[in-house]
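Engineer: What follows is a protein structure lacking sequence information:
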């Protein structure tokens, strides 16, 4: 302990942080260098290395090949896949320039381009396949708002793996292997509640991705929806759901009519004004701006029509449009598009948008209420197909929420929980291979694109997720597999010759047996203060050397159960 | 072997490279991604991880605290020490900008600023000291001309440690500890010829530094001078030496004279023209430009006077001037400064330089020859102090070379060898602490600056240095401690059921015992081609499963000695 530096620090460490984050700071596992960037202090380093060792070990046991890729990735590679401009536009990529040549490099946010290039250069034949490469390395993302300690960083450590296969079925096999590998890793590092859910693929692309979520009420940044009955689970960004049935009308109205509806900007306002109409007979029309971040010449407007009791899922909308970004349009844009104030947009006569997208929830509705494209006015008794052109197709654009019905078993209700994304696995198909000409010679003698998957675990983030799930009010309770030390020896008074002698004997004995052990050899502190530090740091076992030292008897305390057992030194050596 | 990918590749891998570099490429340990940037392929990764494990283990056994520092270092920290502008001017620093805030970061070339900041924030009292932190992490230097594989990279892995002490004597103790630690590490990784020499401190600064050099005739980029008699050794950049005695004159000449000396731009030309004068009675005057890289307003000219038989050591001159860079002046500058063509500069009447520096070798000379500052003219019989102002002081500016006398024992001769710098340790004194206000409270209750040392090992470079010293014409001979696998099992014909069965039994058996083992399970290749690959890859031991497989007998071959012993399978398990 006297060599371990820096040590615990109490007092204010910051505001608005989760308990797990503050424990890591106070106990001296991490220290912030800059927003979103942390030093792993000696204690944190020990935990992190054990997480890495578990990841490498599981990978090796499944014959995955470990390698190490550079952090500086040449711009040319990213231009081949078209991701350079996208990532720069999204302000996600850190870039640097080689001064002598002017060559540009991106600081690795992931490594699809680099491994696809490696595959293109080295994989010749179907006989070589499958090839699966894995590395653990530092990654960089220019997060707008880094927060929550190790959970959202600009610089973070990540285990990333990439599989190359001959066809879709083989790709699916590699993907399924990683589902197993990841479950094994999360189990071994001591996550007690980790669920696998469907996810949106985001900027990585591909079709079909799945996230591993460490469930955490306090630390979870993602909202998860799981079925109470079956095994369905999905990130709210991705989740689908069966919504409540609308109050359907049997016969179409004679004609629609425009009504004066002052001060009714929201569905709630309208329900108050028309008590006989419920929200399932109203259609909201929302005006949004897409791709504004690509510059004014690229931006365009769209409208989305959705049932009044539902909200739009922006991620789904982005995917439906194939857009980089989508945001609610600014008030002046809404006014320009609809000719009315915000709150009165409707599908009838709406022309100044590139497209109107209809959510599935609107399908089959008749005699609906919708905005009048005129301030303080709504249409009533509108019949789609009669009063405005019937949509050619409907999209899944609504946000699934708790109490919706499960889309898979169609029986259970969805329930909401919060989770920390600790792993994400993707089926990339042939997208990267096509763009980078990464092919292999098949059994048919012809050239085929490689089928690819990619897989990521945030290893530094994982450290904090483990703490979220393993703590009590006094501090961290490390799982044995990743604990900084298995045992902390706490002599109550290190200036007592008997206690010191016995403590050091146990220390040397355990070290000799290969047990990782920390000795609190501080003379300046006594019992209570040392116990407080030990609780905070959270080694699984504590050996307390106190008054019975002269008899060779110590107390062994389990950090998790708080159970204390007295035993002689020989039993201590037997136990560990 | 069928899962290990990519595998060996023969044929042309590039030109102008050392054998060690080409072996690493051909055997599939590394692959270039961009100039000065390498992928560590699965085999290379395994070696590198073992090097890292040895480094961490040695550090831990000496109670050094391992931690991990971010790669992105805030510009503000570097501005405190004044190194940001220097490194940017020298075009060594890669920098990147956080787009949302405009904050700038340097990509870690070392981490003095970050650890000094950490020390300033966490070290309070002399009771905390010494504190020694160590990390292994990727470093970035914008090398003008990256070359020689892993030896000179833009992106490379480095073990860097930093010590903080209460006074100079304690700093010296930490420095000496690292001398031990480094010798232990280099011994354990299998360097057979590694010497510790005095070195120039370069851009890191401080007073007193020492390099560890892996001696290598082919791969060595540094020239080393060592004494044949005592233990003196130094990098040629730093080495001092005792030069041969000059042919001294006993009485000063009556007066100097200017002579017409056509076509005598060099000392050799002059020796031919004046056979009675040897080079030790000539004084060369060289015009140089300092700090040109800081821009035209910062650049200035200097002259150096040195004995005719010696050359200038530019590094020593740079240090004497406190300059960032020094280069021989361009011809037009020389003409402007001396009023003569290149080759005729002299100290007499020379005015257009900021300073004239005199090397020790000029001290005491009389009746010398020197340039006339007039094309095709030299002065003869010049007496310093009479014919031009006597220098106020002399500097050590000459380049030591083989055959000079050892400066330490003053007896032995210096001899030259070539080495790869694998480690460099520095006494930084209080320079960084002073600039960053990193202090501690001493026993006297007062605030004192921390005394610092820093220590670096290039771990990726070390991999190639090990190969330089451990190879033969057929490939690499890995030391056991860092070998990618201890044993390679080579069944001559894997499609023979007997050989396959026995090979797999040995494979499983050795794996079960925790021996790292590679099985060449390729059916497409037979004996000779597999042996060639095995020689190239260089595992310490090879188990050949051939015709005697049915009797359960195999051949065990030592890669280094090439000795082959037949043995039964039980003896194989006993041996490993």
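Structural biologist: Arrived safely, thanks for sending. Keep in mind that what you see is a predicted model, and the values were worked out from it rather than measured.

Engineer: Show me what the closest residue to chain B within the stretch 151-300 of chain A is bridged to.
Structural biologist: Using CB to the nearest CB, the closest approach of the stretch 151-300 of chain A to chain B is made by residue A:155 at 5.2 Å. Every residue, glycine included, has its C-beta placed from N, CA and C. Residues in a beta bridge with residue A:155, per DSSP bridges, are residue A:140.

Engineer: any idea where the helices of chain A begin and end?
Structural biologist: Along chain A, counting by DSSP state H, helices occupy A:19-26, A:42-61, A:75-81, A:83-89, A:112-122, A:168-188, A:267-273, A:314-321, A:331-338, A:431-436, A:459-469, A:497-512, A:527-537, A:569-575.

Engineer: Which one, of those helices, ends up nearest to residue B:354?
Structural biologist: helix A:75-81 (42.9 Å; CB to CB).

Engineer: same for the closest one, what does it pack against?
Structural biologist: Secondary-structure packing of helix A:75-81 (3 or more CB pairs under 8 Å, 6 or more residues apart in numbering or on different chains; DSSP states H and E): helix A:83-89, strand A:104-107, helix A:112-122, helix A:431-436.

Engineer: Does the residue of the stretch 151-300 of chain A closest to chain B touch residue A:138 like I think?
Structural biologist: Yes - here residue A:155 reaches residue A:138: they are 6.2 Å apart, a contact under CB atoms under 8 Å.

Engineer: Neighbour count for those two, which is higher?
Structural biologist: A count of neighbours by other CB atoms under 10 Å in any protein chain shown puts residue A:155 above the other of residue A:155 and residue A:138, at 22 against 19.

Engineer: Can you check the pLDDT for the spatially most central residue of chain A?
Structural biologist: For chain A, the residue nearest the mean C-alpha position is residue A:421 (3.0 Å; CA atoms, centre = their mean). With respect to pLDDT, residue A:421 scores 95.

Engineer: if you compare the helices of chain A, which one is most tucked away?
Structural biologist: helix A:459-469 (a mean of 26; mean count of other CB atoms under 10 Å in any protein chain shown).

Engineer: need the contact list for the residue of the stretch 351-500 of chain A found nearest chain B.
Structural biologist: Nearest residue of the stretch 351-500 of chain A to chain B, counting by CB to the nearest CB: residue A:460, 9.1 Å away. The neighbours of residue A:460, taking CB atoms under 8 Å, 6 or more residues apart in numbering or on different chains as the test, are A:38, A:40, A:48, A:150, A:153, A:156, A:157.

Engineer: can you rerun that using 7 Å?
Structural biologist: Going by CB atoms under 7 Å, 6 or more residues apart in numbering or on different chains, residue A:460 touches A:48, A:150, A:153, A:156, A:157.

Engineer: doesn't residue A:138 make contact with the last one?
Structural biologist: Yes - contact criterion CB atoms under 7 Å: residue A:157 and residue A:138 qualify, at 5.6 Å.

Engineer: what about chain A, any weak spots by pLDDT?
Structural biologist: A:203-206 (pLDDT under 70).

Engineer: for it, what's the longest strand?
Structural biologist: strand A:414-429 (DSSP state E).

Engineer: Check which helices and strands that strand sits against.
Structural biologist: Where contact means 3 or more CB pairs under 7 Å, 6 or more residues apart in numbering or on different chains; DSSP states H and E, strand A:414-429 is packed against helix A:168-188, strand A:209-215, strand A:222-227, strand A:451-458, helix A:459-469.

Engineer: a markdown table for these, including distance to residue A:105?
Structural biologist: Formatted as a markdown table, the helices and strands packed on strand A:414-429 follow (distance: least, CB to CB, whole Å):
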| stretch | distance to residue A:105 |
| --- | --- |
| helix A:168-188 | 28 |
| strand A:209-215 | 27 |
| strand A:222-227 | 31 |
| strand A:451-458 | 21 |
| helix A:459-469 | 23 |
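
Engineer: Quick one, which of the ones you listed gets closest to residue A:265.
Structural biologist: Nearest of those (CB to CB): strand A:222-227, 26.4 Å.

Engineer: now the angle from the closest one to strand A:209-215?
Structural biologist: Relative orientation of strand A:222-227 versus strand A:209-215 (axes from the mean of the first three to the mean of the last three CA atoms, to 10 degrees): 100 degrees.

Engineer: who does strand A:222-227 pair up with?
Structural biologist: With DSSP bridges as the test, strand A:222-227 is paired with strand A:233-235 (antiparallel), strand A:414-429 (antiparallel).

Engineer: so of these, which one's packed in deepest?
Structural biologist: Per stretch, and counting mean count of other CB under 10 Å, the top mean among the strands paired with strand A:222-227 goes to strand A:233-235, which has a mean of 24.
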